[in-house]
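>>> I'd like to go over a predicted model; first the sequence, then the structure.
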Amino acid sequence: MLKLHEKSGEDTAALMAAIGRRARTAARPLAVATTKAKNDALAAMADAILSNEQAILEANAVDMSNGEEVGLSASFMDRLKLTPSRIKAMADGIREIAALKDPVGDVIAEWDRPNGLHIERVRTPLGVIGVIYESRPNVTADAGALCLKAGNPVILRGGSDSINSSSAIHACMVEGLKAAGLPQDAIQLVPTTDRAAVGEMLKGLGGNLDVIIPRGGKSLVGRVQSEARVPVFAHLEGICHLYIDRSAKLDMAVRIAVNAKMRRTGVCGAAETLLVDRAAASTHLVPILEALRAAGCEIHADAGVMKAFADASPATDADWVTEYLDAIIAVKLVDGVAGAIEHIETFSSHHTEAIVAEDAQAVERFFNEIDSAILLHNASTQFADGGEFGMGAEIGIATGKMHARGPVGVEQLTSFKYRVRGSGQVRP
């Protein structure tokens, strides 16, 4: 298992600089690694995770005990906890990534010019990727596997709360690299909980880090976005909205609302605001809210909703901009799809929004006028996940507009170059 580095200050700066150099050295052989070598490594990683299940659970038990001692929130503890089923899901996710088409070398487009030049746009690895994350130890496996498949070395900096779990998982990833004859430095886990390590990554590790992907709470992501000297793929918050149109089927609306909020309240795709068409208030509002309350959800409601449903707390201005990550939802009546769009564009974090409706025109307007990374029709916001998109897994959701947007999977972890083939042409 990873040997932890306990020193700080200049020692951490030197440690991180060395990690960056080793990652850069691994970049070239990894960029040209065959699909078979990468897939063999991934298969060996999945096998290692399953065969080391007990060691991973024991490491996670240490993290869970430490988390209880320091009073981590219930949602944080849920993200931290590993179980046999979650470990199996990690291994399955790695195998799904192995089954994906290798994006490296894929010809995205090609065309011929009148002068006979043949031009191709071809996918290439992005380079060295840094992933900074909190609590979820499964990110160690997801991020490592995705970056490997896309031909990128990765430097993983997990939270101090999950250091033991992440170390146990990382050991399995290294075992897979060894088995396939790939550079062991292709997947590195920062072996220190010193916060200075994050600062060194944000500086770019002497030019050796090409992209940073933060995955965690608002304070972490906000710091990365404000201080990073290299490009960042991230979302700051998941203030996700679910709109129930007057044309929605009631049973479907109830089912989707409960799932969108309550399936897992601590994920970024959980619905935080429920918008109900005022024209459907008399038919849809109370059944939906009763189902949410029965599922254990606390309801913060505007004045219109309070009149119809007394078992709620009055909403404040803060509710419309709060990512609860808990069994709480803000509810508001709006004037049709136009009112929903206005509210969403005012308060959304541009992560994920959903509409439940049978009116095709309402759906098209919702899709056309809302500028969020993911939009869904008649489906739960909890589908905002790379695995559910068929990407095998994801490193995170990006809400920016440059390069990657939505789930960040293997294709989003590539750039491209142009290959131009001629037959002796010179430019006049």
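Now that the structure is in, tell me what you want to look at. Numbering: from 1, shown residues only.

>>> thought Ala260 was touching Asn378?
No - judged on CB atoms under 8 Å, Ala260 makes no contact with Asn378 at a distance of 11.6 Å. For glycine as for every other residue, the C-beta is placed from the backbone atoms N, C-alpha and C.

>>> Tell me which of the two has more neighbours.
A direct count of neighbours by other CB atoms under 10 Å for Ala260 and Asn378 places Ala260 higher, at 28 against 15.

>>> Same question for the strand or helix carrying the more buried one: list its buried residues.
Using DSSP states H and E, Ala260 maps to helix 250-262. Residues of helix 250-262 classed as buried under the neighbour-count rule (16 or more other CB atoms under 10 Å) are Ala253, Val254, Ile256, Ala257, Val258, Asn259, Ala260, Lys261, Met262.

>>> ok, so of these, who is nearest Asp371?
Ranked by distance to Asp371 (CB to CB), the buried residues of helix 250-262 are led by Ala260 at 20.1 Å.

>>> pLDDT score assigned to the closest one?
Taken from the predicted model, the pLDDT recorded for Ala260 is 98.

>>> With the one 4 residues further on instead?
Reading off the confidence values, Arg264 has pLDDT 91.

>>> Three-state assignment for it, please.
Under DSSP: H, G, I helix; E, B strand; the rest coil, the three-state class of Arg264 is coil.

>>> what's next to stretch 11-19, contact-wise?
Contact with stretch 11-19 is made by 5, 7, 155, 188, 190-192, 194, 196-197, 200-201, 205-206, as judged by CB atoms under 8 Å, 6 or more residues apart in numbering.

>>> can I get these in JSON lines with distance to Thr124 and secondary structure?
Supplementary listing: the contacts of stretch 11-19 in JSON lines, determined by distance: CB to CB, whole Å; DSSP: H, G, I helix; E, B strand; the rest coil:
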{"residue": "His5", "distance to Thr124": "33", "secondary structure": "coil"}
{"residue": "Lys7", "distance to Thr124": "37", "secondary structure": "coil"}
{"residue": "Ile155", "distance to Thr124": "19", "secondary structure": "strand"}
{"residue": "Gln188", "distance to Thr124": "21", "secondary structure": "strand"}
{"residue": "Val190", "distance to Thr124": "26", "secondary structure": "coil"}
{"residue": "Pro191", "distance to Thr124": "30", "secondary structure": "coil"}
{"residue": "Thr192", "distance to Thr124": "32", "secondary structure": "coil"}
{"residue": "Asp194", "distance to Thr124": "34", "secondary structure": "coil"}
{"residue": "Ala196", "distance to Thr124": "32", "secondary structure": "helix"}
{"residue": "Ala197", "distance to Thr124": "28", "secondary structure": "helix"}
{"residue": "Glu200", "distance to Thr124": "26", "secondary structure": "helix"}
{"residue": "Met201", "distance to Thr124": "23", "secondary structure": "helix"}
{"residue": "Leu205", "distance to Thr124": "21", "secondary structure": "coil"}
{"residue": "Gly206", "distance to Thr124": "22", "secondary structure": "coil"}
